[in-house]
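> below is the sequence, then the predicted model.
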Amino acid sequence: MTLRLSSGTLSALPPQVARPTYDRSRVRIGVVHLGIGAFHRAHQAVVFDDALNAGDLRWGVLGASLRSPDVRNQLAPQDGLYTLVIEDGATQSMRIIGAVQGVMVASEDPGGLVEAMASPDVHIVTLTVTEKGYYLDPASGTLKLEDPSVAADVADLSAPVTAPGFVTAALRLRRRRGLPPFTVISCDNLPHNGARIRSAVLEMAGRVDPELRDWIAAEGAFPQTMIDRIVPATTPEDIAALASELGVSDQGMVKTEPFTQWIIEDRFAGERPDFARFGVQLTEAVGPWEDAKLRLLNGAHSALAYLGALAGLEYVHEAVAVPSLKAFVERLWGEAETTLTPPPGLDIAAYRAELMARFSNTALRHRTRQIAMDGSQKLPQRLLATAQARLGAGQPILAIALGIAAWMRWQEGRTEAGAVVAVEDPLAAETARRLSAATDDAGKVAALLDLEAVFPRALSGDPTFRRAVTEAFLDLRRLGAVGAASAPVEIAA
Ligand code: CS2
């Protein structure tokens, strides 16, 4: 039987594998992370591991999954250790990350997690709970008070259920104990992510205890961030391949690309690592970086995911290898680019070229269906904001409209070859209901455009927008994804 990666087997690893240079038994937990999926392990945890390697032992991470025990079950037998595999087709490197000191499952012990977050050693709470984990209305960004989980947290914060609930409960406990708040760093692809988690927490706190709300408003810090690294879900094949390379098995491994970027608004409530030393950029203005990333990288990702998945293309690198889809991405970027105010230091032409190279990374095997998930939560910031800005400037939105139409087509739950797909989206039941009630394609588009949780009224009420998306949907039906991507029909703005 293959041995498992753990503190005891670290020394058995091949010499080319980098490993922690610090004494893990002396590490303190300074960070609690909510939502310890692959992205956290390949991104933020690596920076905290850098800090530990540099000798600053304040930055161990306690990870928490909100519900699933999977990551805890993967990492607990491994003493929290896992391998970061960085690949780009030509090169591969491996490094053992030691930052994660433990993993909790929030639903198993909510009080224990709140207690851990209230430790005086904890200075930072990071989150990757996906767009839907904030319980915000995607179109307006306000807390969904009618949601049963949010309502449960508002009624009783002693055993929270939601991420905003855990943050609020832990801040309440810290205040009671006379401790300063921790800094809350949202690392999800939401626009103004800091302001959004802040307003969700303030809204919740206000309903529980108005004085708590005032304290958080005055003392708390919720910096905005831009986070970037492509991290595909780990597959059983990845785990098997790594086991044969390392000679030990690692159920918690993550694979990623060489590129990584983290930009944080310089606003903290207390201690933090020397971020700049570890490649993290601190700035006063994250917004322009975030817009560029959401509209270029994520906008193209989502559009490609729907078009590619509809056409039966399994991976992103396969999709951009199709000339018409590659040309489509360039047109989409051409449209999105005019809506951006590039921050100093961002050369859009170079950024676009780099993105295309990243999408073409054959080693990542990033599944189009993975990106297709939760589209209703992603569309507003990835494609709709761009559409709104373009239409406001009297500019056409051909490529963007095709991306949006492809999302609608995906909601039908079938690929072009007729394969049934499970639409993984919190609004899947609602979109399915609307689609089946419509009598023709134009009616389907209209029914989805009227979904106010996704499409702001200002946009869905714009006849040019409606026409562009309807035409694109009809094109998709007639020509298929690859055909529609190569045959843009000019529509006057
Ligand atoms: C992707 C992102 O799954 C998705 O929706 O677009 O996770 C993307 O890979 C990251 O934002 C890259 O930083």
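That came in fine, so what should we check first? Residues are numbered from 1 along each chain as shown.
> please make it C-alpha for all contacts and neighbour counts, starting now.
Noted.
> for the stretch 301-450 of the chain, give me the ranges with low pLDDT.
Along the stretch 301-450 of the chain, no part satisfies pLDDT under 70.
> spell out which residues of it are next to the ligand.
301, 370-371 (CA under 6 Å from any ligand atom).
> elements contacting the host helix or strand of E318?
For E318, the host element (DSSP states H and E) is helix 316-320. Secondary-structure packing of helix 316-320 (3 or more CA pairs under 8 Å, 6 or more residues apart in numbering; DSSP states H and E): helix 299-310, helix 323-337, helix 348-359.
> in the helix ranked longest in the chain, what's buried?
Ranked by number of residues, the top helix in the chain under DSSP state H is helix 463-486. Buried residues in helix 463-486, counted by 16 or more other CA atoms under 10 Å: 464-477, 480-485.
> cool, stretch 163-170 as well?
Buried, per 16+ other CA under 10 Å, within stretch 163-170: 163-170.
> Throw these into a markdown table and include distance to R365, secondary structure and pLDDT, thanks.
Output for these, formatted as a markdown table (distance: CA to CA, whole Å; DSSP: H, G, I helix; E, B strand; the rest coil; pLDDT from 0 to 100):
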| residue | distance to R365 | secondary structure | pLDDT |
| --- | --- | --- | --- |
| A163 | 30 | helix | 98 |
| P164 | 33 | helix | 98 |
| G165 | 35 | helix | 98 |
| F166 | 34 | helix | 98 |
| V167 | 35 | helix | 98 |
| T168 | 38 | helix | 98 |
| A169 | 39 | helix | 98 |
| A170 | 38 | helix | 98 |
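> now render these as TSV, adding distance to the ligand.
Output for these, formatted as TSV (distance: CA to the nearest ligand atom, whole Å):
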residue	distance to the ligand
A163	19
P164	21
G165	24
F166	24
V167	23
T168	26
A169	28
A170	28
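> for the ligand, what's its nearest residue on the stretch 1-150 of the chain.
Ranking the residues of the stretch 1-150 of the chain by distance to the ligand (CA to the nearest ligand atom) places F39 first, at 7.9 Å.
> quick check: the gap between that residue and S360.
According to CA to CA, to the nearest Å, F39 and S360 sit 19 Å apart.
> likewise for C187?
25 Å.
> tell me which parts of the stretch 151-300 of the chain are close to the ligand?
228-231, 298.
> which of those count as buried?
Buried subset of these (neighbour count, 16+ other CA under 10 Å): 228-231, 298.
> in strands only, show me those.
D228 (DSSP state E).
> farthest pair in the buried ones among the residues of the stretch 151-300 of the chain next to the ligand?
The span of these, defined through CA to CA, is set by V231 and N298 at 13.0 Å.
> distance check, the residue in the stretch 51-200 of the chain that the ligand sits nearest to against T256.
At 6.1 Å from the ligand, N189 is the closest residue in the stretch 51-200 of the chain, using CA to the nearest ligand atom. Going from N189 to T256 by CA to CA gives 17 Å.
> OK, now which residue of the stretch 101-250 of the chain is nearest to the ligand?
For the stretch 101-250 of the chain, CA to the nearest ligand atom, closest residue to the ligand: D228, 3.3 Å.
> show me where the stretch 151-300 of the chain has helices.
Listed in chain order, the helices of the stretch 151-300 of the chain (DSSP state H, counting those that start in this stretch) span 163-176, 193-208, 210-219, 236-246, 287-292, 299-310.
> format those helices as JSON lines; extra columns: distance to R434.
Below are the helices of the stretch 151-300 of the chain laid out as JSON lines (distance: least, CA to CA, whole Å):
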{"stretch": "helix 163-176", "distance to R434": "30"}
{"stretch": "helix 193-208", "distance to R434": "29"}
{"stretch": "helix 210-219", "distance to R434": "39"}
{"stretch": "helix 236-246", "distance to R434": "37"}
{"stretch": "helix 287-292", "distance to R434": "31"}
{"stretch": "helix 299-310", "distance to R434": "19"}
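> tell me who's in contact with the residue nearest to G98 when sequence neighbours are not counted.
Spatial nearest neighbour of G98, chain neighbours left out: L81 (5.3 Å); criterion: CA to CA, 6 or more residues apart in numbering. By CA atoms under 8 Å, 6 or more residues apart in numbering, the contact set of L81 is 5-7, 75, 96-100, 252.
> do the same with T142
So T142 contacts 136, 196, 199-200 (CA under 8 Å, 6+ apart).
> re earlier: the residue of the stretch 1-150 of the chain closest to the ligand touches V231, doesn't it?
Yes. Look at F39 against V231 with CA atoms under 8 Å: they come within range, at 5.8 Å.
> for the ligand, what is the nearest residue in the stretch 301-450 of the chain?
Closest point on the stretch 301-450 of the chain to the ligand, by CA to the nearest ligand atom, is I371, at 3.7 Å.
> now that residue: how far from D425?
11 Å.
> so between these two, which is more surrounded?
Neighbour totals were compared for I371 and D425, and I371 leads with 21 against 17 (other CA atoms under 10 Å).
> next up, identify which helix or strand the more buried one is on.
Remark: I371 resides in helix 368-372, with elements defined by DSSP H and E.
> by contact count, what packs against that helix?
helix 299-310.
> related to what we said a few turns ago, the residue of the stretch 301-450 of the chain closest to the ligand: what's it in contact with?
I371 neighbours (CA under 8 Å, 6+ apart): 301-302, 305.
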